[in-house]
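Peer 1: take this sequence and fold it.
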Amino acid sequence: MFFGNVNRLEWSTFLPAHFLSYLEQAQKIAAENEENGRYDIDGDKVFCVLMTPETEPREDRKTEIHRDHLDIQLLLEGEETFGYSIETPQALLDKPDYTNDVLLFNEVSNESFISLRAGDFIIFYPGESHRPQCATREPMALRKIVVKVHKSMI
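Peer 2: Okay, here's the model as predicted:
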């Protein structure tokens, strides 16, 4: 997991240059498009999803992991809290029943939380547990863009 802010990318220079490029491209896509949906950056290997979800109480959100894609989640509007844990059970990583590269579950140990505001981004690598869209104080509407990077591009 990595956390940063698009207004301070100079603090993120140790990230691969192509990750920073994906963030810049996602910001441009978000600025030019109002409609939610998928937008390709590099076909199926790198694409982003523009969305306007609502946050929910933590206990109503499931934790997720991805097998094949890294997530770069960039918050454009609102405030969102993420749960995360470095202790994803191997049994979950080995499950065959991922749907669209995501496996949802409830069992989380040693979960920590981090809150994001507009301009903040967070990166989760394949297999890293994360619980997005948790309300920080009260549920609210968000605008965010999630860049999906296939593990072959990492």
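Peer 1: just the helices from this protein, written as ranges.
Peer 2: 17-32, 90-93 (DSSP state H).
Peer 1: give me the contact list for stretch 8-24.
Peer 2: Contacts to stretch 8-24, defined as CB atoms under 8 Å, 6 or more residues apart in numbering, come from residues 2, 4-6, 41, 46, 48, 72, 74, 121, 123, 147, 149, 153-154. Bear in mind the C-beta positions are built from the backbone N, C-alpha and C, glycine included.
Peer 1: farthest-apart pair in those, please.
Peer 2: 5 and 153 (22.9 Å; CB to CB).
Peer 1: run through who's touching the helix or strand bottoming out on mean pLDDT in the chain.
Peer 2: Lowest mean confidence among the helices and strands of the chain (mean pLDDT, DSSP states H and E): helix 90-93, at a mean of 74. If you take CB under 8 Å, 6+ apart as the criterion, helix 90-93 is touched by 65, 67, 103, 105, 107, 127.
Peer 1: what is the burial count for the second one?
Peer 2: The criterion is other CB atoms under 10 Å. On that basis, residue 67 has 15 neighbouring residues.
Peer 1: distance check, the residue of the chain most remote from its centre against residue 41.
Peer 2: In the chain, residue 91 marks the outermost C-alpha relative to the chain mean, sitting 22.4 Å out by CA atoms, centre = their mean. Distance of residue 91 to residue 41, computed by CB to CB, to the nearest Å: 33 Å.
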